[in-house]
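Trainee: just coords:
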């Protein structure tokens, strides 16, 4: 099921977390609607973008990172 509301998207100068999938430097962190948070490198953030959009309430992107889940108008 897809969320009807888009998550809040903000940027940060630098993220300090590591990817929860591969331990590379995170380019995106998200707060989950079910509670908790996840961090992803650019590769995994873009690979799972559609699913992540439906799970997140807030997304923090590192400045300069082009995320596939961000709508063109954002």
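Mentor: Sure, I can see it. If you're wondering where the values come from, they're calculated on a predicted model, not measured in any experiment.
Trainee: how about the helices in the protein?
Mentor: Per DSSP state H, the chain carries helices over the ranges 42-47, 49-55.
Trainee: and those: which comes nearest residue 34?
Mentor: Closest to residue 34 of the helices of the chain, according to C-beta to C-beta: helix 49-55, at 7.4 Å. All C-beta spots, glycine's among them, are computed from the backbone N, C-alpha and C.
Trainee: could you tell me the least trusted of the helices of the chain?
Mentor: Here the helices of the chain differ in mean pLDDT, and the lowest is helix 49-55 at a mean of 92.
Trainee: okay, buried residues for the lowest-mean-pLDDT helix or strand in the chain please.
Mentor: Within the chain, no helix or strand scores below helix 49-55, which has a mean of 92 by mean pLDDT, DSSP states H and E. Buried residues in helix 49-55, counted by 16 or more other C-beta atoms under 10 Å: 52, 53.
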